[in-house]
Each structure stands twice: as C-alpha cells, then as structure tokens.
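*Asks:* the amino acid sequence is not available; the structure is as follows:
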C-alpha cells in the first residue's frame, strides 16, 4: 500500500530532493539503486555490509538482510574501524552464536517465526492425573468361554436335555406312524433298525435318542466355544500405575472418568520459548544503538547509502520487534496457562 501510494519516508530513502538554488521550488525525485527504481519496485537494495542492505525503506532493506556479519568477529572488527569516529569508539564486541542459528537466515524469516528459535514444552501427566483423580476406569474386551465354563454349562442342562430329546424322539416316531401308510411305515422302521442294528422298537428309540443328544451337545459346544462375547470390567479409584497398565493393554476401549473435569493448564503444562540469540545480544541495546549513531547529524555527515546513515534505524526496528515479540508471546502463554482444560475423562 505504501509503495502503491508513493508515500515518502521521513528519512528520504524512497525519494531525494532536487533543489534549484535559483528557484524557491523544491523538486522531489524518486531514488534509483543500481538501475532499480523505487517507483517501479519496493525491493531495490544496496549492499552496505555483507548481506545487510539499504532499500527503498528501512523495513524493506532490513527484511532482506541477514545477520552474517554479526556472527563473524572479523567482519565486526571491520565495523569497529568503520564506526571509529563515533561517540563510543571502544565497543566490546561479542559475536552471535552460529551453533544456535544459521547465519544466512534472513531477518524476514526470523521475524515470521516471532523471533523464536524453538519451544520447550513439558506436560506432566502425573500432575494432570492427580488433579483429574478418576473415580473409576472401565474397559471392554472380547472373549470366548473357556473349556471349564462350556463343560459346566453342558452338564447343567444335560439331564433336562436328555429327557426332552427322548420325548421328542417318541413323538416324532408316533407322528410318522400315524401319517405314513402302515406298509411304508414298517419299511421305514425296518430300514432304521437295519441301520442301527436294532431288534426292538425300544432299542431303536434309545439309539435315535442318543444320536439326537450327541448332535445337540456338539452344536451347543461349538456355539459356546466360538461365539465371542463382550466383557466389561470396572476398576474403582485406579492409581496412575494401574492406569498405565490398563492403557497399555486396553487402550482402544479404556475410559476413566475424572472427578474434576476442569483443570487449569498451569497445573500440568509448562511452555518456555527460546528467542533468537539476537534478542538477548548487545546489538539491540541502547549502548550499541548510541555507538552506531555516533555524534548525530547523520544526514550532514553521511550520504544516504552509507551504512552509518541507516544502521541506527534498522537496529531500533530490530530491538522493537524483539520487545514486541517477547511481550506478545509471554502474554499469550500466560493467557493459555490460566485458562482451563475441560474433559470428562482422562485424555
């Protein structure tokens, strides 16, 4: 928006004055860097120190810059010579730690991450569990009857089943006798007797009864042995160790109801951001900024493309970004930790 509206910076990076001494009028002309016009593009850059740029505005140059020079003690020594005429000629340099951050990372990338390198997150499950204090844990599992249960079941119904099947056998035979013609029935009985080697009707009834009984017992055994059943187990006031074992063995079906469903995050959660090394370095301190500012009157002492002209403003911006990021992040963490985690069961 600023570029589209051709807004002029108070520091005059974007435009320069062209004053005619014979005229009371002052002309303003856009600046060009290496045949790159700030009218056509806001990304025109002038390298002033290694990978640190001056652009159409302070922020444009700063965003494209890196901090490589401030990781290199030799480069910083050259800066010391460069700023030697300043008000603080003997600045105690301490380079940034390149083990923490890549030196070639752009400042824009660092700012996009809120100046944060990484987060240290610690979740104490034991603290959460103590506050949740589950009243009970229930879990389900699929099981089948064991052999003892099956045999016990069969024995318990054997007497009644045997009597019932014997009566059923007699009823079936009498029914066949009444509905089928006598000759046909006699032939049927003879065939059955020959099949079971029976000489009397009573023996035939006993043999058929035994067959029906064994077949029925086999079907009952098969059904009881292979039919899955759902078993629900409840454990009252389980300890955290019990919960650990239950979670290991029955994680898919375990449910532990909390006595307290609303728990503040600060009771079990800690978050610690690690900000970029720059935000704890001397390069955002007033001492450094006064050092590179020197004796003032920069517009008279330096040209606009001199690093000593633009450096104070850029490091003031970096200092402000660090301060804002730290304040916002710490405030957001504080808001999170004082809010409540609400869940009816152990997560």
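*Replies:* Structure received. Keep in mind it's a predicted model, so treat the numbers as computed, not measured.
*Asks:* any stretches of the stretch 201-347 of the chain with poor pLDDT?
*Replies:* Applying pLDDT under 70 to the stretch 201-347 of the chain picks out residues 201-209, 295-306.
*Asks:* strands of that one, residue ranges please.
*Replies:* With DSSP state E, counting those that start in this stretch, the ranges of strands along the stretch 201-347 of the chain come out as 229-236, 255-257, 262-264, 269-275, 340-342.
*Asks:* and the longest one, what does it pack against?
*Replies:* So that's strand 229-236. Where contact means 3 or more CB pairs under 8 Å, 6 or more residues apart in numbering; DSSP states H and E, strand 229-236 is packed against strand 136-143. Heads up, the C-betas are built off the backbone N, CA and C, glycines and all.
*Asks:* so which residues of the chain form helices?
*Replies:* 58-64, 73-82, 107-112, 125-132, 147-179, 182-196, 201-226, 240-250, 286-293, 298-301, 307-338 (DSSP state H).
*Asks:* quickly list the domain ranges of this protein.
*Replies:* The chain breaks down by automatic domain parsing into domains covering 15-124+268-342, 145-227.
*Asks:* and the helices of the chain, which is most packed in?
*Replies:* Highest mean neighbour count among these (mean count of other CB atoms under 10 Å): helix 58-64, with a mean of 21.
*Asks:* dump the residue contacts of the closest residue to residue 115 other than its chain neighbours.
*Replies:* Setting aside the residues directly before and after it, residue 115 is nearest to residue 325 in space (CB to CB, 6 or more residues apart in numbering), at 4.3 Å. By CB atoms under 8 Å, 6 or more residues apart in numbering, the residues touching residue 325 are 111, 114, 115, 116, 275, 279.
*Asks:* how close does the residue lying closest to the fourth one once chain neighbours are set aside sit to residue 109?
*Replies:* This means residue 116. Spatial nearest neighbour of residue 116, chain neighbours left out: residue 273 (5.0 Å); criterion: CB to CB, 6+ apart. Distance from residue 273 to residue 109, counting by CB to CB, to the nearest Å: 17 Å.
*Asks:* per-residue confidence at the nearest residue to residue 263 once chain neighbours are set aside?
*Replies:* Spatially, and ignoring its direct neighbours in sequence, residue 263 is nearest to residue 131 (4.7 Å; CB to CB, 6+ apart). We note a pLDDT of 92 for residue 131 in this prediction.
*Asks:* isn't residue 60 right up against residue 43?
*Replies:* Yes. When contacts are counted by CB atoms under 8 Å, residue 60 is listed as touching residue 43 (6.6 Å).
*Asks:* what residues are up against residue 97?
*Replies:* Taking CB under 8 Å, 6+ apart, we find residue 97 in contact with 71, 277.
*Asks:* same thing with residue 246?
*Replies:* Going by CB under 8 Å, 6+ apart, residue 246 touches 137, 139, 235, 238, 254, 256.
*Asks:* what separation is there between it and residue 256?
*Replies:* 8 Å.
*Asks:* now the common contact residues for these two.
*Replies:* 137, 238.
*Asks:* what subset of the contacts of residue 325 is buried?
*Replies:* 111, 114, 115, 275, 279 (16 or more other CB atoms under 10 Å).
*Asks:* in TSV: the residues you listed, plus distance to residue 345.
*Replies:* Shown next, in TSV, are the buried ones among the contacts of residue 325 (distance: CB to CB, whole Å):
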residue	distance to residue 345
111	41
114	34
115	38
275	37
279	41
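*Asks:* which single one of those is nearest to residue 155?
*Replies:* The closest of these to residue 155 turns out to be residue 114 (CB to CB; 74.2 Å).
*Asks:* distance check, the closest one against residue 223.
*Replies:* 65 Å.
*Asks:* next: residue 56.
*Replies:* Distance, residue 56 to residue 223, using CB to CB: 85 Å.
*Asks:* same question, residue 244
*Replies:* Taken as CB to CB, the span from residue 244 to residue 223 is 38 Å.
*Asks:* residue contacts, the residue nearest to residue 116?
*Replies:* Contact analysis of residue 273 by CB under 8 Å, 6+ apart lists 116, 118, 119, 120, 329, 330, 333.
*Asks:* farthest pair in those residues?
*Replies:* 118 and 330, at 15.8 Å, using CB to CB across the contacts of residue 273.
*Asks:* hmm, residue 62 is touching residue 107, no?
*Replies:* Yes. Residue 62 lies in contact with residue 107 (CB under 8 Å); the separation is 5.7 Å.
*Asks:* so what's the closest residue to residue 129 other than its chain neighbours up against?
*Replies:* Excluding its sequence neighbours, the residue lying closest to residue 129 (CB to CB, 6+ apart) is residue 240, at 4.9 Å. Applying CB under 8 Å, 6+ apart, we find residue 240 in contact with 125, 126, 129, 130.
*Asks:* please apply the same query to residue 270.
*Replies:* Contacts of residue 270 (CB under 8 Å, 6+ apart): 120, 121, 122, 124.
*Asks:* distance-wise, check it relative to residue 134.
*Replies:* 23 Å.
*Asks:* again with residue 95
*Replies:* Here the criterion is CB to CB. By it, residue 95 lies 53 Å from residue 134.
*Asks:* between the two, which one's more packed in?
*Replies:* residue 134 (22 against 19; other CB atoms under 10 Å).
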